[in-house]
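Visitor: Task: produce atomic coordinates for the following.
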Amino acid sequence: MTALPWRHALLALAVVAVWGTNFAVIKSALAHLPPFTFASLRFLFAFLPAAFFLKRPNVPWRNLAAYGVLIGVGQFGVLYFAMDGQISPGLASLVVQSQVFFTIGLAIWLRGERLNLRQGLALVLAAAGLALILVNVDAVTTPTGLALVLFAALSWALGNMVQRATPEAPSLAFVVWASLFSVPPLLVLALVFEGAPAMVAAVTTMTPVVWAELLYQSFGNTLFGYAVWGWLLARHPAAVVSPWALLVPVFGLTASALALGEPLPAWKLAAAALVIGGLALNTLPARALRRDRPDAVS
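Guide: Sure thing, here's the model as predicted:
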């Protein structure tokens, strides 16, 4: 295993910074946009105009549809709904990373993979962090909010399984074209839970700041993030690139504290340490964790 060249490391840092600070941006935009309306617009602009420049990947339509519904509705639609008064953005950025362990569980169940000792210890650490969050729920972070973000993480993991079924597909084009299938169900949910008058009022009164927050979701978080991350994965081993994602909740908690004044009591820092420690133990290659052996991709 080799480190990223410094220019590539800066790109990786830029991606995780965008992905992490995105949670504070979501919370700010939700002050104006209802959650399902917000998610509908996010995926509409993720699809257009990028679809005019990126050819549809050569994968079955059902794969694109499944991914679009799982990520658009199950992950982000539910995440936005939870963050609209049910969980703080910093904790949301942390809890949603449990998708790593849902992905492991699905791989064991659906693909016959086996859980090794290191993954088991990582799961125990992360579960302890989530339990610490659960016993400290309050008006800002409720049990319902925690459950919703865990559901969003499960949907993300299921989306990962769908995308893994077609590993040859370009990741950015796959995400763009799958977004086509995110918009209709999100619009239906917006009509049912928010109503057409609220949707129209929210869209027609958007300020330049809200537009910037929306486009940050579509272009920064989705298009820039996936394009650069995919570019890095195409040039370096996954074991070198993927540990950078551990910084997402670090940026998420920091941005929420600085921009939104989210408090960082000792229990929250301890929960973050447990969850991030579990993610690190699971993500870092086994040989990188052993000082007495040369580094290599596992």
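Visitor: residue contacts, residue 156?
Guide: 70-71, 74-75, 96, 99, 102 (CB atoms under 8 Å, 6 or more residues apart in numbering). Quick note: C-beta positions are derived from backbone N, CA and C, even for glycine.
Visitor: in what helix or strand does it lie?
Guide: helix 143-164 (DSSP states H and E).
Visitor: buried set for that helix?
Guide: In terms of neighbour count (16 or more other CB atoms under 10 Å), helix 143-164 has its buried residues at 145-163.
Visitor: do stretch 91-103 as well
Guide: 91-103.
Visitor: Going by distance to residue 24, which of these wins?
Guide: The closest of the buried residues of stretch 91-103 to residue 24 turns out to be residue 93 (CB to CB; 8.7 Å).
Visitor: if I look at that closest one, how far off is residue 109?
Guide: According to CB to CB, to the nearest Å, residue 93 and residue 109 sit 27 Å apart.
Visitor: With residue 42 instead?
Guide: With CB to CB as the criterion, residue 42 and residue 109 are 30 Å apart.
Visitor: the more surrounded of the two?
Guide: More crowded of residue 42 and residue 109, by other CB atoms under 10 Å: residue 42, with 28 against 10.
Visitor: Rank the helices and strands of the protein by mean pLDDT and give me the bottom one.
Guide: helix 238-241 (a mean of 66; mean pLDDT, DSSP states H and E).
Visitor: re the thing from before, restricted to helices, list the buried residues of stretch 91-103.
Guide: Cross-referencing the buried residues of stretch 91-103 against helices under DSSP state H gives 91-95, 99-103.
Visitor: Next, format these as TSV and append distance to residue 191.
Guide: Shown next, in TSV, are those (distance: CB to CB, whole Å):
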residue	distance to residue 191
91	30
92	25
93	29
94	32
95	28
99	28
100	34
101	34
102	30
103	32
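Visitor: Just the closest of these to residue 193, please.
Guide: For these, the nearest to residue 193 is residue 92 (19.3 Å; CB to CB).
Visitor: Hmm, residue 82 and the closest one touching each other?
Guide: Yes. Using CB atoms under 8 Å, residue 92 is in contact with residue 82, at 6.7 Å.
Visitor: any residues in contact with both of those two?
Guide: 145, 149.
Visitor: how about the residue positioned nearest the centre of the chain, what does it touch?
Guide: For the chain, the residue nearest the mean C-alpha position is residue 96 (6.5 Å; CA atoms, centre = their mean). Going by CB under 8 Å, 6+ apart, residue 96 touches 75, 79, 149, 152-153, 156.
Visitor: thinking again about what came up before, for the next helix or strand after the helix holding residue 156, packing partners?
Guide: Next helix or strand after helix 143-164 toward the C-terminus (DSSP H and E): helix 171-178. Counting contacts by 3 or more CB pairs under 8 Å, 6 or more residues apart in numbering; DSSP states H and E, helix 171-178 is packed against helix 35-47, helix 61-69, helix 225-235.
Visitor: All set now, cheers.
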